[in-house]
Structures are given as C-alpha cells and as structure tokens.
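*Asks:* sequence unknown, structure follows:
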C-alpha cells in the first residue's frame, strides 16, 4: 500500500481506538463533556482532507 494510505489507516485506528478505550475505561467520567461529541470530532477530523 502507498505510504499515504498506511499513514491514514494508522492515524484512523490509533485516534479512534484511543478515544474509545478512554471512554470504556471511564476516564471521561466527571469531565463535564459528552464523549460522543469527542468521537464525532475525531472522526470528522480524520475524514476531512
């Protein structure tokens, strides 16, 4: 695969996996924000060229 595609795939996996892992482990509890909005923002940032 081209390096750009590998970079995009790795970035996609690590960022979304990180947000989901933190949410599932309860690290966002008590922070006063909606983790779903963070996930959506990360997804939008990854899909925007």
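*Replies:* Great, that's in hand. Values in this document were obtained by computation on a predicted structure and should not be read as measured data.
*Asks:* chain neighbours aside, what residue packs nearest to the spatially most central residue of the chain?
*Replies:* For the chain, the residue nearest the mean C-alpha position is residue 16 (2.7 Å; Cα atoms, centre = their mean). With Cβ to Cβ, 6 or more residues apart in numbering as the criterion, residue 16 has its nearest non-adjacent residue at 6.2 Å, and that residue is residue 42. C-beta: built from backbone N, CA, C; applies to glycine.
*Asks:* where's the residue nearest to the centre of the chain relative to residue 6, distance?
*Replies:* Separation of residue 16 from residue 6 (Cβ to Cβ, to the nearest Å) stands at 16 Å.
*Asks:* can you check residue 27 too?
*Replies:* Using Cβ to Cβ, residue 27 is found at 29 Å from residue 6.
*Asks:* and for residue 30?
*Replies:* 37 Å.
*Asks:* higher neighbour count, the two?
*Replies:* Higher neighbour count among residue 30 and residue 6: residue 6, with 10 against 6, using other Cβ atoms under 10 Å.
*Asks:* distance of the more buried one relative to residue 20?
*Replies:* 21 Å.
*Asks:* separation between the residue nearest to the centre of the chain and residue 33?
*Replies:* The gap separating residue 16 from residue 33 is 17 Å, by Cβ to Cβ.
*Asks:* now do residue 27
*Replies:* Residue 27 is 12 Å from residue 33, by Cβ to Cβ.
*Asks:* next one: residue 45
*Replies:* Going from residue 45 to residue 33 by Cβ to Cβ gives 16 Å.
*Asks:* equivalent analysis for residue 15, please.
*Replies:* As judged by Cβ to Cβ, residue 15 and residue 33 stand 17 Å apart.
*Asks:* what residues are shared contacts of residue 27 and residue 33?
*Replies:* The overlap between the contact sets of residue 27 and residue 33 (Cβ atoms under 8 Å, 6 or more residues apart in numbering) is empty.
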